[in-house]
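> Fold the following, please.
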Amino acid sequence: MSAEVSEQVTDAELVARYRRDPALFTAVHDRYYRDVYLYAAGRLDTQIAEDLAAETFLLAFDRRDRYDPERGDLRPWLFGIATNLIARHRRKETRHYRALAKLGPEPVVEGHEDRVVTSVAAERMQPHLARALASLTGGERDVLLLVALGQLSYDEVAQALGIAVGTVGSRLSRARGKILARIDARIDARIDARIDARIDKENARG
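Predicted structure coming up:
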């Protein structure tokens, strides 16, 4: 079905089309499944991530008529659904980070997609960062990882979580402070640069 929907078709146009023909929702899956899966796999193990990504799109399909085409980009909506599902695994996610903090990086599983996941989640796999992530509140971790893994802007994170943009900034600032207080200099330089780049971008936007 994705062959019927060009990449040049905007998300708003795609929403209008699948409202007329629900079968075209397949194009939403084709366009964004990988992004949602990689985000989930950066927070949970790959098996749970596969199931969670699939459930994200099932829920999105069920709720497809609630989405306002005027909102444009579908990514914040989809990432918001995925983040709410991840919240059900909050304890498992925290245990996962604590295990990584003790055991270090997981071995790379053969296969292209698994290598991609390992690459995306590489910083999370570092023991010091895993320990720091485990120390964050759920809200702080959601904001930080929607920015770092999901590559969402402040406005998009606010849409995804249904919170104010100012709340996004304050949670990110707290998360950043906690992480920089816990991780060593080798890792904090990389994370600091990534988060500072996002903050600079948001400040430039005014």
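> Any regions of the protein where pLDDT drops low?
1-6, 100-101, 103-126, 183-193, 206 (pLDDT under 70).
> how about 80 then?
For the chain, the stretches with pLDDT under 80 are 1-7, 69, 92, 94-130, 180-206.
> for it, what spans make up the helices?
Counting by DSSP state H, one finds helices in the chain at the ranges 11-20, 26-41, 46-62, 75-87, 90-103, 112-120, 122-125, 127-135, 138-148, 154-161, 165-182, 185-204.
> how about the ones you listed in a markdown table, adding distance to P69 and mean neighbour count?
Every residue, glycine included, has its C-beta placed from N, CA and C. Putting the helices of the chain into a markdown table (distance: least, Cβ to Cβ, whole Å; neighbours: other Cβ atoms under 10 Å) gives the following:
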| stretch | distance to P69 | mean neighbour count |
| --- | --- | --- |
| helix 11-20 | 4 | 16 |
| helix 26-41 | 12 | 20 |
| helix 46-62 | 14 | 17 |
| helix 75-87 | 11 | 22 |
| helix 90-103 | 32 | 15 |
| helix 112-120 | 30 | 14 |
| helix 122-125 | 34 | 17 |
| helix 127-135 | 35 | 20 |
| helix 138-148 | 22 | 22 |
| helix 154-161 | 14 | 21 |
| helix 165-182 | 22 | 17 |
| helix 185-204 | 25 | 13 |
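> closest one to D68 among those helices?
Nearest to D68, of all the helices of the chain, is helix 11-20, at 8.2 Å by Cβ to Cβ.
> E50: what's it in contact with?
The contact partners of E50, by Cβ atoms under 8 Å, 6 or more residues apart in numbering, come to Y37.
> any idea how far V9 is from it?
Separation of E50 from V9 (Cβ to Cβ, to the nearest Å) stands at 27 Å.
> Can you give me every residue that contacts the residue nearest to R198 when sequence neighbours are not counted?
In space, and not counting its chain neighbours, R198 is closest to V147: 5.5 Å by Cβ to Cβ, 6 or more residues apart in numbering. The contact partners of V147, taken as Cβ under 8 Å, 6+ apart, are 154, 157, 172, 195, 198.
> State the pair within these that is farthest apart.
Distances among these were taken as Cβ to Cβ; the most separated pair is V157 and I195, at 12.8 Å.
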